[in-house]
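K.L.:
Pasted the sequence and its predicted model underneath.
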Protein chains: 2
Amino acid sequence: MLTQKAKYAIKALVYLAQKKSLVRTQDIADKARIPKKFLESILLELKSHKLVASVQGASGGYTLLKDPASITLADIYRIFEGPIALVPCASLNFYSPCADCENERTCVIRKAMIEVRDQTLDALESHSIAGMLEGSRKAKGNPKSK
Amino acid sequence: MLTQKAKYAIKALVYLAQKKSLVRTQDIADKARIPKKFLESILLELKSHKLVASVQGASGGYTLLKDPASITLADIYRIFEGPIALVPCASLNFYSPCADCENERTCVIRKAMIEVRDQTLDALESHSIAGMLEGSRKAKGNPKSK
DNA sequence: ATAAATTCTACTTATTTGGTAGAATAAAAG
DNA sequence: CTTTTATTCTACCAAATAAGTAGAATTTAT
């Protein structure tokens, strides 16, 4: 399961992708139903990973910095949840030896864990912010999907 | 990432599958490098889900109750980690409406979440205790794999 | 100067994780 | 029938994580 933080991040990014302009935190909080103060910390984290940019001061706010088609669930998962693999020794981006492992080469479960990681990565990378936005447009019968 | 509990459970099950007989908790703890007291609680949980059976008293211990080929990572994940889906509203076995969701039918992320769940389930169900045991036999060049 | 926004620092509260301790119970073996 | 060896049950415990909140500081448009 995702943490609330990750889930809110996805919803905030989809909302930003839909707006395509500078949006106040308060707007995102209202429309995506996210506690404003909590959202602030989420946006700062997204900013530190260069997914969004901010403008300070009055009439400030946030914009999407990257192409929504290039932001996948894998990216967001890694930022807020950490490794996609089920065990540290099977992780691509956060590799570390398993604390309880004697010998990685003879580990009974590692091979399976790497295969699962590959399949999970596939699943997460095949879903982007753009895809979710498009999907919901279709579902709601928005003109653009005709 | 898996909790230690789930990871230990997998290793204990693989060990039991390999032994094919009654095994003392102490044996499993030693060979699979699991704190004995912690392992006890894991085995009880596996027993409550009918994956293993126990014999009490002197010369007691645990045995595998099901065919190792029929125990998949999905089963173990559900016991120790809960839902496989990323959000409750996308879960098959643990469905519940998302606390922060206004309308499930118009939710922007649910469709993607269900697709990811399907793919993840595929990945987890395609790996069994028997598969891991066989995989490690091959890797170690055990006669049986010739 | 003032208002409206982001940013930074510091809490808080509840739950989960990864255990440990020790007594109770069950059964085998002498 | 007592001792030994095991599982089982009840109850803890410390550290980390999750999900926020409070409030001051800063930045910028008007």
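P.N.:
Looks like it came in fine. Residues are numbered from 1 along each chain as shown, chains lettered A, B, ... in the order given.
K.L.:
Backbone dihedrals for residue A:53, please?
P.N.:
Phi and psi for residue A:53, reported as degrees, to the nearest 10, are phi -120, psi 160.
K.L.:
so where do the strands sit in chain A?
P.N.:
For chain A, the strands defined by DSSP state E occupy A:52-55, A:61-64.
K.L.:
what's the most buried one of these?
P.N.:
When the strands of chain A are scored by mean count of other C-beta atoms under 10 Å in any protein chain shown, the highest mean neighbour count falls to strand A:61-64 (a mean of 21). The way it works is simple: take the backbone N, C-alpha and C, and place the C-beta from them, glycine included.
K.L.:
give the contact list for residue A:15.
P.N.:
Residues near residue A:15 by C-beta atoms under 8 Å, 6 or more residues apart in numbering or on different chains: A:23, A:28, A:31, A:32.
K.L.:
follow-up on the earlier one: dump the strands of chain A into a markdown table; add distance to chain B as well.
P.N.:
Formatted as a markdown table, those follow (distance: least, C-beta to the nearest C-beta, whole Å):
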| stretch | distance to chain B |
| --- | --- |
| strand A:52-55 | 17 |
| strand A:61-64 | 15 |
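K.L.:
which residues does residue A:107 contact?
P.N.:
Neighbouring residues of residue A:107 by C-beta under 8 Å, 6+ apart: A:89, A:98, A:101, B:136.
K.L.:
Go again with 6 Å.
P.N.:
Listed by C-beta atoms under 6 Å, 6 or more residues apart in numbering or on different chains, the contact partners of residue A:107 are residue A:101.
K.L.:
That one and residue B:38, how far apart?
P.N.:
19 Å (C-beta to C-beta, to the nearest Å).
K.L.:
Distance check, the residue most central in space within chain A against residue A:128.
P.N.:
Nearest to the centroid of the C-alpha atoms of chain A, with distances taken as C-alpha atoms, centre = their mean, sits residue A:76, at 1.9 Å. Going from residue A:76 to residue A:128 by C-beta to C-beta gives 10 Å.
K.L.:
Give me every residue in chain A lying close to DNA strand C.
P.N.:
Proximity of chain A to DNA strand C, by C-beta under 7 Å from any atom of the strand, involves residues A:24-26, A:40-41, A:43-44, A:47, A:54-62.
K.L.:
Can I have the buried ones of those as a PyMOL selection?
P.N.:
Applying 16 or more other C-beta atoms under 10 Å in any protein chain shown to these leaves a buried subset, and the PyMOL line that selects it is:
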select buried, chain A and resi 25+43+61+62
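K.L.:
which ones among the residues of chain A next to DNA strand C come in contact with DNA strand D?
P.N.:
Applying C-beta under 7 Å from any atom of the strand to the residues of chain A next to DNA strand C, one finds that A:41, A:55, A:56, A:57, A:58, A:59, A:60 fall near DNA strand D.
K.L.:
Could you find the closest non-adjacent residue to residue A:108?
P.N.:
With C-beta to C-beta, 6 or more residues apart in numbering or on different chains as the criterion, residue A:108 has its nearest non-adjacent residue at 4.4 Å, and that residue is residue B:136.
K.L.:
Hmm, residue A:106 and the one you found touching each other?
P.N.:
No: Residue B:136 lies out of contact with residue A:106 (C-beta atoms under 6 Å); the separation is 7.2 Å.
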